[in-house]
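>>> Okay, sequence plus prediction incoming.
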There are 2 protein chains.
Amino acid sequence: MARRPLKKPGIVADLDARKATILEAVVREHIDTAQPVGSSSVASTSDLAISSATVRSEMVTLEREGYLAQPHTSAGRIPTDKGYRYFVDHLQAGVVGVAQQQQIKDFFENVRGEVEDVLAQTSTLLSQLTSYTSVVVGAGHAMSPILSTQLVNLEARHQLLVTVFADGSVVKHSVTTNFDASHVEVAEASRQLHALLIGTTLDARVQVPSRSDHVASLVRDAVATLHAQQPTVDGEQVFIGGSSKVAESFDGVETVRKVLAILEQELLVVSLVQDILDQGLSVAIGSEHGYEPLSSCAVIVAPVTIDGHPAGAVGLLGPTRMKYGEAMAAARAVSAHLAHHFGGDERA
Amino acid sequence: MARRPLKKPGIVADLDARKATILEAVVREHIDTAQPVGSSSVASTSDLAISSATVRSEMVTLEREGYLAQPHTSAGRIPTDKGYRYFVDHLQAGVVGVAQQQQIKDFFENVRGEVEDVLAQTSTLLSQLTSYTSVVVGAGHAMSPILSTQLVNLEARHQLLVTVFADGSVVKHSVTTNFDASHVEVAEASRQLHALLIGTTLDARVQVPSRSDHVASLVRDAVATLHAQQPTVDGEQVFIGGSSKVAESFDGVETVRKVLAILEQELLVVSLVQDILDQGLSVAIGSEHGYEPLSSCAVIVAPVTIDGHPAGAVGLLGPTRMKYGEAMAAARAVSAHLAHHFGGDERA
DNA sequence: GTTGGCACTCGGTAGAATTGAGTGCTAGCA
DNA sequence: TGCTAGCACTCAATTCTACCGAGTGCCAAC
């Protein structure tokens, strides 16, 4: 079994080979059956030539050390979060089946449309591939320079500022004035704004005119509105696919409800994904991510990197007993294809 | 009880007063308790001075006529879709509680931001008010005239057409060319497009230049891309709020899954809402809407009308045993506030 | 250290008995 | 004729029991 060096958490010490094998057998079978796993089953399944009694005594140790738990006396063991963590950290990389590989390939060959549409469809794809709920996060454009702006007169006191960023995203902002702006004034303000903002990023300071006429006022208002948005969260796009899979993954209705309630809050989902990435993890199991309602979930995250720059992330949300190998492989594959799709001659 | 004239379906004949009262009592109690309702309970609850035996014999008739059903012998009755239909058609209009009224008022007084944000938040509001899943549909802009367009050069062979409609919506389309367009050419094409498209609607024919130079080619491609979208479905925006309520409303996990799976398909949700509106209904119960996976659901729809023009709709999706009175009142109230919010001096 | 053996635990299941809510029917009454 | 009280009947749900068996923990022997 290919070992990868331990990740950050470090709480998880190494186990001797036999314990590791037993733990792995328990995790594998429990992921498969969703049932507690007994010692005899492990003894016969694993390739260790060992009696069930020996397995049992090892299990006692594993339980004492926090890798396994017993739902009740006289039941088999189930893995704890720590047990899953060890399993994942020592898992050899999974592979994507050929059928799925084909499906991904076909998808990215045929997909067309705007970035948002592609991301949304990618989310659906990833969910179908894995039968878990999928999250695709498109990075915000806070750092992307402005290519063009335009101020459009909707009504006398109501203008619309349309901004195009170099990453291809388009954002609109309403600008309301307390005076009736003429079409000429709006056109002039639009011209000035364009000259003023082009090439700048949202965090840049811009020299706005200080005059008190209508045009200057329009320009000031427009710039203020544009810069008012939260640079970090705002502009980030979330696409959630396969939320119905939640109902398949968990049996308790209450759990389903809680998870769905979390998924409804997009900002929260973004920060969840971001938190996990910040911790340098690719999987957060159970309570590792600190979101209590998701304590029976595992979250897999794969960053999307284009030209060395973070451009978003794809994620999967499933029960802690999810198929980590397959799911991680699928997430990585989709993330790579996504990067390639937008990397070649496009933007993300 | 205030009677409203029967709606379109017409299959539902009138019942004599006593039967109607009994049916109503059954529906009310079953909505409340989710349990089959027995004759004695009806006899004591309703203000009819009638013995349970009489109620029973009436129930036999109601069952024969299809308003009630029996889960099994020796159980009480539950309403059928037809029973709910009668109930809804003869329901006096519900009222919105003062607390809720205040909540709606506060919401619309404080809400700000772009149309999309308002609609999304409205959906959440409506869901919170009713504890059902809410759907807000913003009408497409197919019929809205174009206020402004702009072609922006993203990369040599990749332009972005940004279109602003009079309703305040902004749409972007990628235009890909097989030649390297210069900035000057793009600017010229942008100018021509603006002149060409301004004031037109998407269903209008536009005289495109037939020359074979880069600029003309750009203009042709851009117009084609813009007009390629499906005028009916595309551009319509759906905002679903409170999908976690689905898990509360139905007990079978399988039902929850099916309903969520439907909600994932936004186009389908739009046509569901549209279908119901087209039928002139405000409620579709059980199988009335023809979407089999939603046969245990009822859907309430209230159109949003601004200046006499349809501008979208708000909807609620719950179990057939939902609180029709409250829910319909809430949907109507929110719809009215929405119309007012965008009607006064804005657009929808 | 490993293993076979054994007593023990305890959730799950199956069956029987019981309960009780609710029905349908009928005979009698206004 | 319509209503009702009464009654036998039905059947899901509940409770109780017994029991099974998967699985454990422990121990003595190898």
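In hand now; what should we look at?

>>> The residue of the stretch 1-150 of chain A found nearest DNA strand C and residue A:40: what is the separation?
Closest contact between the stretch 1-150 of chain A and DNA strand C, by CB to the nearest atom of the strand, is at residue A:74 (2.7 Å). For glycine as for every other residue, the C-beta is placed from the backbone atoms N, C-alpha and C. Going from residue A:74 to residue A:40 by CB to CB, to the nearest Å gives 13 Å.

>>> Just want to know which of the two has more residues nearby.
More neighbours surround residue A:40 than the other of residue A:74 and residue A:40, with 14 against 8 (other CB atoms under 10 Å in any protein chain shown).

>>> wait, what's in contact with that one?
Residue A:40 sits next to A:52, A:55 when contact means CB atoms under 8 Å, 6 or more residues apart in numbering or on different chains.

>>> Which is the succeeding secondary structure element to the helix or strand hosting it?
Under the criterion of DSSP states H and E, residue A:40 resides in helix A:39-45. As assigned by DSSP H and E, the chain's next helix or strand after helix A:39-45 is helix A:52-64.

>>> mind listing the helices for the stretch 101-250 of chain A?
Assigned helices in the stretch 101-250 of chain A, in chain order: A:115-130, A:183-197, A:214-228, A:245-249 (criterion: DSSP state H, counting those that start in this stretch).

>>> which other helices and strands contact the third one?
Packed against helix A:214-228 by the contact rule (3 or more CB pairs under 8 Å, 6 or more residues apart in numbering or on different chains; DSSP states H and E) you find strand A:146-155, strand A:158-165, strand A:170-176, helix A:183-197.

>>> correct me, but residue A:185 touches residue A:218?
Yes - the criterion here is CB atoms under 8 Å, and residue A:185 meets it with residue A:218 at 6.7 Å.

>>> Quick check: chain neighbours aside, which residue is closest to residue A:124?
residue A:241 (4.2 Å; CB to CB, 6 or more residues apart in numbering or on different chains).

>>> tally of neighbours for that neighbour?
Residue A:241 - counted by other CB under 10 Å - has 24 other residues nearby.

>>> My read is that it contacts residue A:131, right?
No - taking contacts as CB under 8 Å, residue A:241 lies outside contact range of residue A:131: 11.2 Å.

>>> what does chain A put close to DNA strand C?
A:49-51, A:53-54, A:57, A:72-75 (CB under 7 Å from any atom of the strand).

>>> got a winner among the residues you listed for most neighbours?
residue A:50 (17 neighbours).

>>> what's the spacing between that one and residue A:42?
9 Å.

>>> how much space between the closest residue to residue A:275 other than its chain neighbours and chain B?
Using CB to CB, 6+ apart and skipping residues adjacent in sequence, the residue nearest residue A:275 is residue A:289, 6.2 Å away. To chain B, residue A:289 is 19 Å away according to CB to the nearest CB, to the nearest Å.

>>> can you check residue A:173 too?
Counting by CB to the nearest CB - residue A:173 and chain B are separated by 7 Å.

>>> ok, that residue - contacts?
Residue A:173 makes contact with A:160-161, A:163, A:222, A:225-226, B:114 under the criterion CB under 8 Å, 6+ apart.

>>> low-confidence ranges in chain A?
Residue ranges of chain A with pLDDT under 70: A:1-13, A:230-235, A:344-348.

>>> again, 50 this time
A:1-11, A:231-233, A:345-348 (pLDDT under 50).

>>> before we move on, back to that, isn't the residue nearest to residue A:275 right up against residue A:273?
No - look at residue A:289 against residue A:273 with CB under 8 Å: they stay out of range, at 9.5 Å.

>>> got any residues that touch both of those two?
Common neighbours of residue A:289 and residue A:273 (CB under 8 Å, 6+ apart) are residue A:299.

>>> bridging residues for the residue nearest to residue A:124?
residue A:134 (DSSP bridges).

>>> got the contact list for the closest residue to residue A:258 other than its chain neighbours?
In space, and not counting its chain neighbours, residue A:258 is closest to residue A:293: 4.1 Å by CB to CB, 6+ apart. Residue A:293 is in contact with A:258-259, A:261-262, counting by CB under 8 Å, 6+ apart.

>>> Helix, strand, or coil at residue A:293?
helix (DSSP: H, G, I helix; E, B strand; the rest coil).

>>> Okay, it and residue B:259: tell me how far apart.
From residue A:293 to residue B:259 the distance is 21 Å (CB to CB).

>>> next one: residue A:210
57 Å.

>>> Those two: who's more crowded?
Neighbours were tallied for residue A:210 and for residue B:259 using other CB under 10 Å; the higher tally belongs to residue B:259 (25 against 7).

>>> I'd like to know how far the more buried one sits from residue A:318.
Applying CB to CB to residue B:259 and residue A:318 gives a distance of 20 Å.

>>> Equivalent analysis for residue A:207, please.
51 Å.

>>> Spell out which parts of the stretch 1-150 of chain A neighbour DNA strand D.
Checking the stretch 1-150 of chain A against DNA strand D by CB under 7 Å from any atom of the strand, the hits are A:35-41, A:52-53, A:56, A:59-60, A:63, A:70, A:73-77.

>>> Got a quick ChimeraX command for the buried subset of those residues?
Command for ChimeraX that selects the buried part of these, burial taken from 16 or more other CB atoms under 10 Å in any protein chain shown:
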select /A:36,37,38,39,41,56,59,76,77
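
>>> Now do stretch A:186-206: distance from first to last residue.
19 Å (CA to CA, to the nearest Å).

>>> Report the contact partners of residue A:272.
Residue A:272 touches A:262, A:289, A:291, A:294, A:299, counting by CB under 8 Å, 6+ apart.

>>> For the closest residue in space to residue A:125 that isn't next to it in sequence, give me its contacts.
Spatial nearest neighbour of residue A:125, excluding adjacent residues (CB to CB, 6+ apart): residue A:107 at 5.2 Å. By CB under 8 Å, 6+ apart, residue A:107 lies in contact with A:121-122, A:125, A:337.

>>> buried set for stretch A:279-290?
For stretch A:279-290, by 16+ other CB under 10 Å, it's A:281-286, A:288-289.

>>> what's the most distant pair in these?
Greatest spacing in those, by CB to CB: A:282 and A:286 (15.2 Å).

>>> Next, format the contacts of residue A:107 as JSON lines and append neighbour count.
Rendered in JSON lines, the data for the contacts of residue A:107 read as follows (neighbours: other CB atoms under 10 Å in any protein chain shown):
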{"residue": "A:121", "neighbour count": "18"}
{"residue": "A:122", "neighbour count": "26"}
{"residue": "A:125", "neighbour count": "25"}
{"residue": "A:337", "neighbour count": "21"}
